[in-house]
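Trainee: Everything below, folded, please.
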Amino acid sequence: MKRRTLVASFAVFVTVVAALLISSQTVLVSAQNHGHGKGNREEPPPPPYNPYPFGILPADLDSEIARVLREVDNIEFETLAQLQTLPPPTLTNQPPILAHTGQRLNVLLGKTMNFDRNISPFKDRACAFCHMPYVGFSGPIPSVNLTMVAYPGSFQFRAGKRTAQRYTYSPSFPVLNFNQTQEAFFGGNFWDSRATGYKLGSPDEEQAQGPPVDTQEHALPDTACISFRLQTAVYKPFFIEVWGDAIDTIKFPHNTEEICETPGGAKVFGTNTMPIKLSPAERSIANDVYDHWAQSLDQYETSPDVSAFSSKFDASRRSSTLFWETQPHFHCPQMRWPVTTCSRAKPTATPAIWTAGPLRQRLQQAQRRTAWILARQQTRDRCSPALARLISACR
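Mentor: Model prediction:
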């Protein structure tokens, strides 16, 4: 009995050891295939680009970048779930339109692409990396905001010279134009208005097309890399539903992945901004896809998800309220007027906002009150010691 038990135990031991050896060899072969397979090469990242003086790069930069990337991934995952549960739109009319949920589909498509960090050579930067919702769609790393200002791009830690603009209300910017009456330029996007809007009719859409091929940001070497990455994106069916299936007609060369994972500006490209060899027809389709990509991002930024028009100014326009009525007032019981001239007075509760009566009457009241406040402010510097003591006694 004991002998049979010992033999059985030994057989089980030999089986387990053999299974472990086979498994380890399988894992090794799999890792080798993954490392040398097309589009899945795992090469060590390039050494960090750090020509900066000491103190420019924050000490917590690596951990903060990792934090923001986790947040980007989480938002993309949530948005994909919303896309998958959205009822399909209805294709109708002539010319055809996507009725009912079509506009929301385009908004969620734009949001998904905005949080997709595969749109970069090293698949480590999304547009939203510099435009997170919880900081007003601007830079989310406090230490960077206090030091570098500009955010590091896909090739760490290469960065530009300016902080990222906010998305909010940027779709409302007009096409860059010169106002002859005021003798000043208006419109455009980016800090220097270089996204003019002259091509697409929207500075916001043209702004979205800048970072993907900016060597200091996403750093893709060719705009066609967007089409290439979209062909394998998990949300491609939604892109096709909105913009059609022309993207699938592009036959990319075998070395496209190698090109798109090399940062723009690399010596190998020289001055060539279109290193992916496409036919004229395929290049035209890739350009259209790039335009549609930007248009969907613009739809997201136009939506209430980003540009909610929920400020105090917008609320006042909806209700015809007046701004100055919401400001804190100062009051002293011994005085016959609200104190607005001496800063030592104690503020009281905010007065009620005027919401009734004709707009003209409220405007006239506002003008009279503004004149009264200005008159009181003129006495601020002449506030006598006796008046100051009186105000102090009211505290």
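
Trainee: isn't there a helix covering residue 62?
Mentor: Yes - with DSSP: H, G, I helix; E, B strand; the rest coil as the criterion, residue 62 is part of a helix.

Trainee: wait, doesn't residue 213 sit right on residue 222?
Mentor: Yes - Residue 213 lies in contact with residue 222 (CB atoms under 8 Å); the separation is 7.4 Å. C-beta here means a position set from N, CA and C on the backbone, and glycine is covered the same way.

Trainee: How much space separates residue 124 from residue 154?
Mentor: Residue 124 sits 6 Å away from residue 154, going by CB to CB, to the nearest Å.

Trainee: just residue 367 next, same as before
Mentor: Where residue 154 is concerned, residue 367 sits at a distance of 55 Å (CB to CB).

Trainee: Same question for residue 50.
Mentor: 15 Å.

Trainee: Same drill for these two, tell me which one is more crowded.
Mentor: Neighbour count, other CB atoms under 10 Å: between residue 50 and residue 154, residue 154 has more, with 26 against 10.

Trainee: Identify the residues contacting that one.
Mentor: 120-122, 124-125, 217-219, 263 (CB atoms under 8 Å, 6 or more residues apart in numbering).

Trainee: So what does residue 268 look like in phi/psi?
Mentor: In terms of degrees, to the nearest 10, the main-chain angles of residue 268 are phi -60, psi -30.

Trainee: got a pLDDT number for the closest residue to it other than its chain neighbours?
Mentor: The shortest distance from residue 268 to any non-neighbouring residue, by CB to CB, 6 or more residues apart in numbering, is to residue 262 (6.6 Å). We have a pLDDT of 95 for residue 262.

Trainee: Flag every buried residue along stretch 95-102.
Mentor: Buried residues in stretch 95-102, counted by 16 or more other CB atoms under 10 Å: 98, 102.

Trainee: which residues sit against it?
Mentor: 86-93, 105-106, 241-242.

Trainee: if you set the cut-off to 6 Å instead, what comes out?
Mentor: Applying CB atoms under 6 Å, 6 or more residues apart in numbering, the external contacts of stretch 95-102 come out as 86-87, 89-90, 92.

Trainee: Then stretch 219-232?
Mentor: 118-119, 121, 153-155, 212-213, 236, 247, 250, 252, 256, 260, 262-264, 269, 274-276, 286, 289-290, 293.

Trainee: Per the annotation, how does the protein divide into domains?
Mentor: Per automatic domain parsing, the structural domains of the chain span 11-37, 61-302, 318-393.

Trainee: Show the contacting residues for residue 259.
Mentor: 275-276.

Trainee: what helix or strand is it on?
Mentor: Using DSSP states H and E, the element containing residue 259 is helix 256-260.

Trainee: how far out from the middle of the chain is that helix?
Mentor: Its chain's C-alpha centre lies 25 Å from the corresponding centre of helix 256-260 when counted by CA atoms, centre = their mean, to the nearest Å.

Trainee: just stretch 60-78 next, same as before
Mentor: 13 Å.

Trainee: Need the pLDDT of residue 366.
Mentor: 72.

Trainee: Residue 355 now?
Mentor: On the pLDDT scale, residue 355 gets 44.

Trainee: With residue 235 instead?
Mentor: 97.

Trainee: ok, the nearest residue to it once chain neighbours are set aside - contacts?
Mentor: Sequence neighbours aside, residue 112 is the residue nearest to residue 235 in space, at 5.0 Å (criterion: CB to CB, 6+ apart). Each residue near residue 112 by CB under 6 Å, 6+ apart is listed here: 79-80, 235.

Trainee: Among those residues, which are located in helices?
Mentor: 79-80 (DSSP state H).

Trainee: Name the member of the contacts of residue 112 with the most neighbours.
Mentor: residue 79 (23 neighbours).

Trainee: Can you tell me how far it is from residue 158?
Mentor: Distance from residue 79 to residue 158, by CB to CB: 28 Å.

Trainee: now residue 181
Mentor: On the measure of CB to CB, residue 181 and residue 158 end up 43 Å apart.

Trainee: Looking only at neighbour counts, state which of the two leads.
Mentor: Between residue 181 and residue 158, counted using other CB under 10 Å, residue 158 has the larger neighbour count: 19 against 5.

Trainee: Find the residue closest to that one in space, skipping its chain neighbours.
Mentor: Take residue 158 and drop its neighbours on the chain: the residue closest to it by CB to CB, 6+ apart is residue 49, 4.6 Å away.

Trainee: Tell me the secondary structure at that neighbour.
Mentor: Quick answer, by three-state DSSP: residue 49 is coil.

Trainee: Strands along the stretch 251-395 of the chain, start to end?
Mentor: Using DSSP state E, counting those that start in this stretch, no strands are found in the stretch 251-395 of the chain.
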